[in-house]
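>>> Next comes the sequence, and after it the predicted model I'd like to discuss.
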Number of protein chains: 2
Amino acid sequence: MIDKTIRMNYLYDFYQALLTDKQNQYMTLYYLDDWSLGEIADHFQVSRQAVYDNIKRTEALLEEYEEKLMLLQRYEKRQSLYKKLASIIQNNGSPDTMIEIIASLEKLE
Amino acid sequence: MIDKTIRMNYLYDFYQALLTDKQNQYMTLYYLDDWSLGEIADHFQVSRQAVYDNIKRTEALLEEYEEKLMLLQRYEKRQSLYKKLASIIQNNGSPDTMIEIIASLEKLE
């Protein structure tokens, strides 16, 4: 399990187009620009609790999207196959094995 | 531009997890099982127009998801790079070119 902040950054990257403007603003400030909940609350003149609730709900929503579409999971699977393939090429490995890996990649969505 | 039925089948494949049960039922019967609008209407005891409207709305929704997440577009891009890579391997092409293609693939989401 990767660290939560890294995971949220990835999930946000994959699913941000499905979020509302407000959700996007809070997530960008909190996760990408590293603002505190208090700083975001001051900036938008809302309570710290309101910002906290919004971000928690957005995090849950991102996990829901990942459960349904598995974009991060599929991305990691592809990246791992790319690494494997590159290593075989760099070590002058068997072309048949290379083609097998590509066949696995082609079957992934 | 690929044929509309093929495109809808692909989009449905990528985004069905984001649809409601009813949207999924109608789309499966219409696009995968090839039922007519009239047959679906009879089966659910609703009007043909209601089925038509529901399917049209779902098609528009699938296109909206594709505009936001571009899963089909990215899938096609990857498939085309896999084909290119497989062809280079089968023709004993340059390992440097193979590694370059993998680098392009790694950068795609």
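In hand now; what should we look at?
>>> so where is chain A shaky, pLDDT-wise?
The model of chain A has pLDDT under 70 over residues A:1-2.
>>> Determine the set of other helices and strands touching the longest helix that it contains.
Longest helix in chain A by number of residues (criterion: DSSP state H): helix A:48-69. Under the contact criterion of 3 or more Cβ pairs under 8 Å, 6 or more residues apart in numbering or on different chains; DSSP states H and E, helix A:48-69 touches helix A:4-15, helix A:21-27, helix A:37-44, helix A:71-90. C-betas here are computed from N, CA, C, even on glycine.
>>> Tell me the gap between that helix and the middle of its chain.
Using Cα atoms, centre = their mean, to the nearest Å, we find the averaged C-alpha position of helix A:48-69 to lie 13 Å away from the chain's own average C-alpha position.
>>> Now that helix: buried residues?
Residues A:51, A:54, A:55, A:58, A:59, A:61, A:62, A:65, A:66, A:69 are the ones in helix A:48-69 that count as buried (16 or more other Cβ atoms under 10 Å in any protein chain shown).
>>> Flag every residue of chain A that's near chain B.
Taking Cβ under 8 Å from any Cβ of the partner chain, the part of chain A that reaches chain B is made up of A:13-15, A:17-18, A:68-69, A:71, A:75, A:78-79, A:82, A:85-86, A:89-90, A:92, A:95, A:98-99, A:102, A:105-106, A:109.
>>> So chain A: which segments form each domain?
A:2-69, A:73-108 (automatic domain parsing).
>>> Indicate which one of those is closest to residue B:29.
Nearest to residue B:29 among those is domain A:2-69 (21.5 Å), distances taken as Cβ to Cβ.
>>> how much distance is there from that closest one to the middle of the chain?
Mean C-alpha position of domain A:2-69 versus that of the full chain (Cα atoms, centre = their mean) differs by 12 Å.
>>> So which bits of stretch A:29-43 are buried?
Within stretch A:29-43, the residues that qualify as buried are A:29, A:30, A:31, A:35, A:37, A:40, A:41, counting by 16+ other Cβ under 10 Å.
>>> Which single one of the residues you listed is nearest to residue A:4?
Minimum distance to residue A:4 across the buried residues of stretch A:29-43 is 10.1 Å, recorded for residue A:31 (Cβ to Cβ).
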